[in-house]
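A.B. asks: Below is the structure, and that's it, no one-letter string:
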């Protein structure tokens, strides 16, 4: 098997690229065939990388359903189709911005990180509103990327090993559905293996859900 095609679709795309290519026209159609805009692309991007309804990347956690609802309520409608209009002028501008950021980085290939950085640098519309309300800056994400790229031996040892959802449930002595519920609610941070649906949870994040109690609060029949 050609190793370069591992994790790619039959069209040679990564799974997230195929999902993004599907979500953008779906959202335009839901908006009565509106022209593609950075706001639509932003929601399509979040949906492509969401797990249990949340987009997470380092310091960023976004409830994708909430952002999609804002898009549907506030974005201008199209003329009802059936043909899609040309993408907006703003889409061309954010595309040019994204390619400039990629060239400046000196890296090859477009990743989740590149799309995210493009939206973080975009100071208009829904991306600016979401990141502004979150209080997350370009510098915050760049700091996270630098720390994440540090060799494991030099990272903060408190981060610990990575657990699957089943291993996390066994580690804490709870049902796996409890772990998934915590992830969906945002209580328990989790990450996804690139291009896959497998979820991993840091040991330090598992320990963070443990709350200290007073000796007087312990019941004699509690485990």
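C.D. replies: Yes, it's here. Keep in mind it's a predicted model, so treat the numbers as computed, not measured.
A.B. asks: residues in contact with residue 55?
C.D. replies: With contact set as Cβ atoms under 8 Å, 6 or more residues apart in numbering, residue 55 has these partners: 46, 49, 61, 62, 64. Bear in mind the C-beta positions are built from the backbone N, C-alpha and C, glycine included.
A.B. asks: again, but for residue 24
C.D. replies: 36, 40, 41, 44.
A.B. asks: Flag every buried residue along the host helix or strand of it.
C.D. replies: Using DSSP states H and E, the secondary-structure element containing residue 24 is helix 15-30. Of the residues in helix 15-30, 16, 17, 18, 19, 20, 23, 24, 27, 28, 30 count as buried by neighbour count, 16 or more other Cβ atoms under 10 Å.
A.B. asks: what would the residues you listed look like in CSV with distance to residue 166?
C.D. replies: CSV is the format used below for the buried residues of helix 15-30 (distance: Cβ to Cβ, whole Å):
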residue, distance to residue 166
16, 24
17, 29
18, 28
19, 25
20, 29
23, 29
24, 34
27, 34
28, 39
30, 36
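A.B. asks: Check what pLDDT residue 63 gets.
C.D. replies: In the prediction, the pLDDT value recorded for residue 63 is 93.
A.B. asks: what pairs with the closest residue to it other than its chain neighbours across the strands?
C.D. replies: Nearest non-adjacent residue to residue 63, counting by Cβ to Cβ, 6 or more residues apart in numbering: residue 54, 6.1 Å away. Applying DSSP bridges to residue 54 gives these bridge partners: residue 51, residue 63.
A.B. asks: can you tell me which two in the contacts of residue 24 are farthest apart?
C.D. replies: Farthest pair in the contacts of residue 24 (Cβ to Cβ) is 36 and 44. Separation: 9.1 Å.
A.B. asks: List the residues that contact the closest residue to residue 162 other than its chain neighbours.
C.D. replies: The shortest distance from residue 162 to any residue that is not its chain neighbour, by Cβ to Cβ, 6+ apart, is 4.2 Å, and that residue is residue 200. Listed by Cβ under 8 Å, 6+ apart, the contact partners of residue 200 are 162, 163, 164, 190, 191, 192, 193.
A.B. asks: So residue 200: helix, strand or coil?
C.D. replies: When the structure is reduced to helix, strand and coil (DSSP: H, G, I helix; E, B strand; the rest coil), residue 200 reads as strand.
A.B. asks: Quick check, pLDDT for it.
C.D. replies: In this prediction, residue 200 carries a pLDDT score of 87.
A.B. asks: Report the separation between it and residue 191.
C.D. replies: Applying Cβ to Cβ, to the nearest Å, one obtains 5 Å for the distance of residue 200 from residue 191.
A.B. asks: next one: residue 100
C.D. replies: Using Cβ to Cβ, one obtains 28 Å as the distance from residue 100 to residue 191.
A.B. asks: If you count surrounding residues, which of these two has more?
C.D. replies: Set side by side, residue 100 and residue 191 give different neighbour counts by other Cβ atoms under 10 Å, the larger being at residue 191 (17 against 12).
A.B. asks: isn't the more buried one right up against residue 60?
C.D. replies: No. Counting by Cβ atoms under 8 Å, residue 60 is not a contact partner of residue 191; they are 11.8 Å apart.
A.B. asks: Nothing else from me, thank you.
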